[in-house]
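Visitor: structure here, sequence nowhere to be found:
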């Protein structure tokens with residue numbers, strides 16, 4: 001075993017903290033524009049040196065990174081079959097879906113109401129087909 005490795009591994013659990021999710025895109029600039037213009041994200045920083053990366057953030061504090069898939073050796077395939085999805089909560093799910101459609105987007109399902117859980121939910125895809133789930137409170141469909 002490498003000397004000191006045990007202490008490093010033990011400290012990972014205590015030091016593990018959430019970071020932004022990262023979307024690996026084929027057309028990063030267009031994706032950044034779409035997340036900014038349609039979902040209201042604010043571009044906080046772009047790194048355009050050896051590695052291209054943009055940080056975005058919503059007014060509620062959700063952070064999202066967008067980076068070129070090619071720079072990390074990923075070749076995107078059928079993104080609608082992606083087992084990991086972005087999920088957002090909004091106070092008015094139907095209003096979100098109306099906004100998405102007006103901006104040229106297409107819902108993949110819903111919005112629907114879950115009687116048992118008493119909440120609205122649905123799904124749509126971003127510009128490159130990454131699935132996004134949206135859910136909200138019963139009090140504001």
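Guide: Looks like it arrived, so ask away. Only a predicted model underlies this, so the values are computations on that prediction, with no experimental measurement involved. Residues are numbered from 1 along each chain as shown.
Visitor: need the residue closest to the centroid of this structure.
Guide: Computing the C-alpha centroid of the chain and ranking residues by C-alpha atoms, centre = their mean puts residue 86 first, at 4.2 Å.
Visitor: any idea what it is bridged to?
Guide: For residue 86, the beta-bridge partners are residue 132 (DSSP bridges).
Visitor: what's the distance between it and residue 125?
Guide: Between residue 86 and residue 125 the distance is 10 Å, computed by C-beta to C-beta, to the nearest Å. C-beta coordinates here come from the backbone N, C-alpha and C atoms, glycine included.
Visitor: what touches both of those two?
Guide: 131-132 (C-beta atoms under 8 Å, 6 or more residues apart in numbering).
Visitor: leaving out chain neighbours, which residue sits closest to residue 82?
Guide: residue 131 (6.0 Å; C-beta to C-beta, 6 or more residues apart in numbering).
Visitor: you'd agree residue 132 is up against residue 110?
Guide: No: the pair residue 132 and residue 110 does not pass the contact test of C-beta atoms under 8 Å, sitting 11.6 Å apart.
Visitor: shared neighbours, the two?
Guide: Joint contacts of residue 132 and residue 110 (C-beta under 8 Å, 6+ apart) are residue 123.
Visitor: per the record, what domains does the protein have?
Guide: With domains defined by automatic domain parsing, the chain comprises 1-76, 78-141.
Visitor: quick one: low-confidence residue ranges for this protein.
Guide: 1-18, 83, 137-141 (pLDDT under 70).
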